[in-house]
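*Asks:* Next come a sequence and a model predicted from it.
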Amino acid sequence: MAQSSQAAKDKKKQVEDPVDNHDIHDYRLLADQAKAIGDWKKAADCYEHCLEQRAIELALINSVQEGLSSKYEMQAIYDLVGDKLRDTFNAQVVMISQYDSNTKKIYHHYAIERGQHLQIPGWSPIDVSRFRVVQTKKPFMINGQEIIDLSDPSMHISPMVLVPGTEVPKTWLGVPLMVGSEVRGIVSLQNLDIENAFSNSDIELLTTLTNSMAQSLENARLFDEMERLLTQLEMEMGLALQAQKSILPAVSPKYPGYDIGSMIVPARAVGGDFYDFIPLDNQRLCILLGDVSDKGLPAALFMAITISLARVETGRENSQLKILENINRFLLKMKAKMFVTLLYSVLNLKTGDMRYSRAGHLKPILVDENGHLIDIPYANGQPVGLFNQFTVDQQNIKIPKKGLVMFFSDGLYEAYNAQGRAFGLDRVKNLLIAHRHESAKTICENLWSAVQQYSGEIPHQDDFTAVIIKRL
């Protein structure tokens, strides 16, 4: 009984003499001990200390996270967290170091000792204390002479090397800066005056703050990478646009008795629509218009190949059907999973007669001098680059004097408004008739303006292309 009574007195004395530092774990232990001997007031005081300490820590965590949410530049994140750590912990030295697992080197993005910022240039071999953090992926704290003596000869990692002009710490604490399961860096605190300067609560708080920083740094890295890729993509798309413009005719050709106008507006930076004018001789002109099934850069590349094939085959063959068959054969060999609708025509400039071969494309619109639509017969036609054997719609038409013909892509009449209604072919035909007395170029521009006005803020999903040939 005496021994038990003495043990109870000793336990009560421990509760009445709490430790000097305000570690939340110590307060919880003291609270449990106070409850065990029935000292409810002491237990309540200890729990109150726990709550106060937790509130302080949460406020700090929130303030750091709020600051990090507004930072997208990596050095700004290092500086923000480094300054917070300097002001929060009992540490005269704070260092935030990036780690490269391939070279086993570190780069100090933030370093401060006794209020003075240190500039440590370049990458340095990692020291053994930081490498211990990398290996274990856990916090690591050492004290006194152990800091200097710690080594790992098996890994060929050197002991800690002091930055010139700095002091040997009495306590060194490092926590890993994790991204997923990979250590991307080490955050270290050093106390230059006392050993065991950091409590368990300090380690937990530092780990929480480091985790917040790790996520923000990764977000900033991804943001930087996204901006780099976007810049690169913009540059590449700019080059692609210039290349596409160089492939398409810079100006429409001029021939006595004809007014030829053309216009193309890609839905994206580059598109899959195309047209071309290929002079055959003084009396004949080849007019080509097509639409690639895909969009953007892949379609632009496929377009460039198709238009190049058409130019080559036009110089080698006289048969329109044979020209399209050769283009189809080559495109199938590419296995690009794209196809092209094509309208290939040859205009006799002397007579106004036109023979065209339609491979799955929209048939042209023909208007006479009085604004009447001329019906054009048609048959089935299939795109090139899709089938080994395909059908072609071949027709002969004549552009009447003071009449016109228009080749176009579906981006002209399939533009939608806010109500989801398409511009429609009837509206295209009515505008074509109403503006038939204007120049061919002006008619193209008026059609584009009408489409824009109709669609309003709705972005165009397809390229706009129109070629108009007026016979004067």
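*Replies:* That came through fine. Note that the coordinates shown come from a computational prediction; the quantities given were computed from them, not determined experimentally.
*Asks:* Next, find the distance separating Leu217 from Leu425.
*Replies:* According to CB to CB, to the nearest Å, Leu217 stands 56 Å off from Leu425. From N, CA and C alone the C-beta is placed, and that goes for glycine too.
*Asks:* Ile106: neighbouring residues, count only.
*Replies:* Per other CB atoms under 10 Å, the neighbour tally for Ile106 reads 22.
*Asks:* Ok, Trp448 next?
*Replies:* Neighbour count for Trp448, taken as other CB under 10 Å: 17.
*Asks:* and what of Leu280?
*Replies:* By the measure other CB under 10 Å, the count of residues near Leu280 is 15.
*Asks:* can you check Leu209 too?
*Replies:* 23.
*Asks:* And it, how close does it get to Ile186?
*Replies:* 14 Å.
*Asks:* and if you look at Arg316?
*Replies:* 68 Å.
*Asks:* Looking at those two, which is more packed in?
*Replies:* A count of neighbours by other CB under 10 Å puts Ile186 above the other of Arg316 and Ile186, at 26 against 9.
*Asks:* What residues sit buried inside the helix or strand containing that one?
*Replies:* If you go by DSSP states H and E, Ile186 is part of strand 182-191. For strand 182-191, a neighbour-count test (16 or more other CB atoms under 10 Å) marks 183-191 as buried.
*Asks:* got it, and stretch 398-405?
*Replies:* Neighbour-count burial for stretch 398-405, with 16+ other CB under 10 Å as criterion, is recorded at 399-400, 403-405.
*Asks:* With stretch 404-420 instead?
*Replies:* By 16+ other CB under 10 Å, the buried positions in stretch 404-420 come out as 404-416.
*Asks:* Closest one of those residues to Lys363?
*Replies:* The shortest gap between Lys363 and any of those belongs to Phe407, at 9.3 Å (CB to CB).
*Asks:* Name the helix or strand for that closest one, please.
*Replies:* Assigned by DSSP H and E, Phe407 falls within strand 404-408.
*Asks:* What's the first helix or strand after that strand?
*Replies:* Remark: after strand 404-408, the chain's next helix or strand is helix 425-434, criterion DSSP H and E.
*Asks:* Look at the most centrally placed residue in the chain and give its secondary structure.
*Replies:* Against the mean C-alpha coordinate of the chain, by CA atoms, centre = their mean, the closest residue is Met226 at 4.5 Å. Secondary structure assignment for Met226 (DSSP: H, G, I helix; E, B strand; the rest coil): helix.
*Asks:* so how far is Asn219 from it?
*Replies:* Going from Met226 to Asn219 by CB to CB gives 10 Å.
*Asks:* Tell me if I am right that Glu167 is in a strand.
*Replies:* No: the assignment for Glu167 (three-state DSSP) gives coil, which keeps it out of a strand.
*Asks:* Name the nearest residue to it, sequence neighbours excluded.
*Replies:* In space, and not counting its chain neighbours, Glu167 is closest to Leu192: 5.1 Å by CB to CB, 6 or more residues apart in numbering.
*Asks:* show me the contacts for that neighbour.
*Replies:* Listed by CB atoms under 8 Å, 6 or more residues apart in numbering, the contact set of Leu192 reads 92-93, 114, 167-170.
*Asks:* The residues you listed, buried ones only, as a PyMOL selection?
*Replies:* Selecting only the buried entries of the contacts of Leu192 in PyMOL, with 16+ other CB under 10 Å as the criterion:
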select buried, resi 92+93+169+170
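*Asks:* in stretch 136-155, what counts as buried?
*Replies:* 139-143, 147, 150.
*Asks:* If we only consider the residues you listed, which is nearest to Leu373?
*Replies:* Looking across the buried residues of stretch 136-155 and measuring by CB to CB, the closest to Leu373 is Pro139, at 81.7 Å.
*Asks:* For that closest one, give its distance to Gln92.
*Replies:* Distance, Pro139 to Gln92, using CB to CB: 19 Å.
*Asks:* again with Ile376
*Replies:* 88 Å.
*Asks:* mind listing the helices for the stretch 151-300 of the chain?
*Replies:* In the stretch 151-300 of the chain, the segments counted as helices under DSSP state H, counting those that start in this stretch are 200-247, 296-316.
*Asks:* which one of these lies closest to Met334?
*Replies:* helix 296-316 (7.4 Å).
*Asks:* can you state the direction angle for the closest one and helix 200-247?
*Replies:* 20 degrees (axes from the mean of the first three to the mean of the last three CA atoms, to 10 degrees).
*Asks:* Show me which of Leu217 and Leu425 is the more surrounded one.
*Replies:* Using other CB under 10 Å as the criterion, Leu217 and Leu425 rank with Leu217 on top: 23 against 15.
*Asks:* so what's the more buried one up against?
*Replies:* Counting by CB under 8 Å, 6+ apart, Leu217 makes contact with 74, 77-78, 177, 179, 184-185.
*Asks:* try Met226
*Replies:* Per CB under 8 Å, 6+ apart, neighbours of Met226: none.
*Asks:* And it, how close does it get to Asp462?
*Replies:* As judged by CB to CB, Met226 and Asp462 stand 28 Å apart.
*Asks:* ok so, going back, sheet partners, orientation included, of the strand holding Ile186?
*Replies:* strand 93-100 (antiparallel), strand 171-179 (antiparallel) (DSSP bridges).
*Asks:* So which of the ones you listed is nearest Ile323?
*Replies:* Closest to Ile323 of these is strand 171-179 (CB to CB; 57.0 Å).
*Asks:* How far off centre is the closest one?
*Replies:* Distance of strand 171-179 from the chain centroid (CA atoms, centre = their mean, to the nearest Å) equals 32 Å.
*Asks:* which parts of that strand are buried?
*Replies:* Buried residues in strand 171-179 (16+ other CB under 10 Å): 171-178.
*Asks:* from those, which single one is nearest Leu205?
*Replies:* Within these, the smallest distance to Leu205 is 10.1 Å, found for Val175 (CB to CB).
*Asks:* now stretch 86-102, how far from the centre of its chain.
*Replies:* 31 Å.
*Asks:* er, stretch 181-195 I mean
*Replies:* For stretch 181-195, the distance to the chain centre is 34 Å (CA atoms, centre = their mean).
*Asks:* what does stretch 293-305 give?
*Replies:* Counting by CA atoms, centre = their mean, stretch 293-305 is centred 21 Å from the centre of its parent chain.
*Asks:* Now it: average pLDDT?
*Replies:* For stretch 293-305, the mean pLDDT works out to 82.
*Asks:* just stretch 320-329 next, same as before
*Replies:* pLDDT averaged over stretch 320-329 gives 95.
*Asks:* Contact partners for Ser308?
*Replies:* Residues near Ser308 by CB under 8 Å, 6+ apart: Ile247.
*Asks:* nope, Pro279 is what I meant
*Replies:* Pro279 is in contact with 253, 285-286, counting by CB under 8 Å, 6+ apart.
*Asks:* any idea how far it lies from Val405?
*Replies:* For Pro279 relative to Val405 (CB to CB), the value is 18 Å.
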